[in-house]
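Engineer: I would like the atomic coordinates for the input below:
(chains A, B, C and D)
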2 protein chains.
Amino acid sequence: MNTPDRSPEDDRRDLAAMMVPIGRALTAGEQPILAAHGLSMWAYVVLVALADEPVRTQAALADAIRADKTRIIQVLDDLQHRGLIERSPDPSDRRSHLLSLTTAGQQLHRTARSGIRTYERRLLDRLPPAERSGLLGALATLSSLSWQELTAPGSGD
Amino acid sequence: MNTPDRSPEDDRRDLAAMMVPIGRALTAGEQPILAAHGLSMWAYVVLVALADEPVRTQAALADAIRADKTRIIQVLDDLQHRGLIERSPDPSDRRSHLLSLTTAGQQLHRTARSGIRTYERRLLDRLPPAERSGLLGALATLSSLSWQELTAPGSGD
DNA sequence: TATTGTTATACTCTATAACTATA
DNA sequence: TATAGTTATAGAGTATAACAATA
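Structural biologist: Numbering: from 1, shown residues only, chains lettered A, B, ... in the order given. Below is the predicted model of the structure:
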């Protein structure tokens, strides 16, 4: 049995062992920025999800942000009471609520997102340009892959 | 107030919004590989931490892997019962246990790590070379930063 | 019968407090 | 008294089950 070829790249920590702690740090870094606007992480995720276009049901929203439908109810309650989102009963199906941002919600989303971008820019400035653009490109590419492709690549995807 | 300059890079999802789900997927992708060797994620993390050199106390190990000292006890119990690690009482201070891998533990670590690398290689093969090397470089750079530098970059670090 | 939204419950993971044995 | 390891307990976050309203 020969020693397999090892590229220099192989002498590194496992991907998840680097990615997960960095993700935790990013979350921790965003937290005070969001808290300054009275937003929890889930509340911000909801604002982001509704920013592009309204969503027809709470279940669809939960699905889109990979959350449990029971988990976002209190988040939606709070956002609604603060006038940041609207829950309009669908006249054609009174079971479901059309979810959309109010003007105040749109503004808060833009403000919070801007704060997060400033934070991210400061962090990314510590990376050499090639790493910075490679990271952003790789994250975009990986984000576009399905769960199956991410968790079992090369096995019939 | 003018519209601020926006580079094309700014038209993307938030870093954490991409990094955290990818980290979860990587963890999920590793899980069956580890389970095939009877290893939990924490058990694997312990093997990795002990692979380079023994650790003098359980508290120091917990610290090194960012775990609570109470959390790794059952993991250590299991690894010890399976003959993968040794807990040798320190003769000079019988409160503490020197932790080290047995030969079987070293072998299992190498085997599991190799399986994980194969998985990661298949996934990384889906990335263009520049993204792949940029990602690995960026993850290494970011991993080397302190918590303070990651969560509050540019504010006196 | 199935689905939307909701509430109540249980489960998992993690952290805190309290104990023992050594020092 | 302080520390290493352990056990027991409590807390946060999450998912599951059960319910009422509507289709």
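Engineer: So which residues of chain A form strands?
Structural biologist: Defined through DSSP state E, the strands belonging to chain A, from first to last, are A:85-90, A:93-101.
Engineer: Would you format these as CSV with mean neighbour count and distance to DNA strand D included?
Structural biologist: All C-beta atoms are positioned from the backbone trio N, CA, C, and that covers glycine. As requested, these are exported to CSV (neighbours: other C-beta atoms under 10 Å in any protein chain shown; distance: least, C-beta to the nearest atom of the strand, whole Å):
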stretch, mean neighbour count, distance to DNA strand D
strand A:85-90, 14, 8
strand A:93-101, 15, 4
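Engineer: got the ones you listed as TSV, with distance to residue B:53 and mean pLDDT columns?
Structural biologist: Output for those, formatted as TSV (distance: least, C-beta to C-beta, whole Å; pLDDT from 0 to 100):
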stretch	distance to residue B:53	mean pLDDT
strand A:85-90	53	94
strand A:93-101	54	95
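Engineer: Of all these, which one is nearest residue B:69?
Structural biologist: Closest to residue B:69 of those is strand A:85-90 (C-beta to C-beta; 43.0 Å).
Engineer: circling back: go through the strands of chain A and name the closest to DNA strand C.
Structural biologist: Evaluated over the strands of chain A, closeness to DNA strand C peaks at strand A:93-101, with 3.5 Å, by C-beta to the nearest atom of the strand.
Engineer: Next, the residues that contact the closest one from outside, please.
Structural biologist: With C-beta atoms under 8 Å, 6 or more residues apart in numbering or on different chains as the test, strand A:93-101 has contacts from A:47, A:50-51, A:54-58, A:61, A:76, A:84-90, A:109.
Engineer: go with 7 Å
Structural biologist: With C-beta atoms under 7 Å, 6 or more residues apart in numbering or on different chains as the test, strand A:93-101 has contacts from A:47, A:50-51, A:54-58, A:61, A:84-90, A:109.
Engineer: Of all residues in chain A, which one is nearest the centre?
Structural biologist: residue A:45 (6.0 Å; C-alpha atoms, centre = their mean).
Engineer: Skipping its backbone neighbours, what lies nearest it in space?
Structural biologist: Closest residue to residue A:45 in three dimensions, ignoring its sequence neighbours and counting by C-beta to C-beta, 6 or more residues apart in numbering or on different chains: residue A:65, at 5.1 Å.
Engineer: what number of residues lie near that neighbour?
Structural biologist: Here the neighbour count serves as a burial measure; for residue A:65 (other C-beta atoms under 10 Å in any protein chain shown) it reads 16.
Engineer: For it, give me its contacts.
Structural biologist: Taking C-beta under 7 Å, 6+ apart, we find residue A:65 in contact with A:45-46, A:49.
Engineer: run the last query once more with 10 Å
Structural biologist: Residues near residue A:65 by C-beta atoms under 10 Å, 6 or more residues apart in numbering or on different chains: A:42, A:45-46, A:48-50, A:55, A:71-72, B:17.
Engineer: One more: residue A:113?
Structural biologist: Taking C-beta under 10 Å, 6+ apart as the contact definition, residue A:113 lies against A:33, A:44, A:47-48, A:51, B:14.
Engineer: how about the nearest residue to the closest residue to chain B within chain A, chain neighbours excluded?
Structural biologist: Closest residue of chain A to chain B, C-beta to the nearest C-beta: residue A:134 (1.1 Å). With C-beta to C-beta, 6+ apart as the measure, residue B:134 is the residue that lies nearest to residue A:134, at 1.1 Å, once sequence neighbours are left out.
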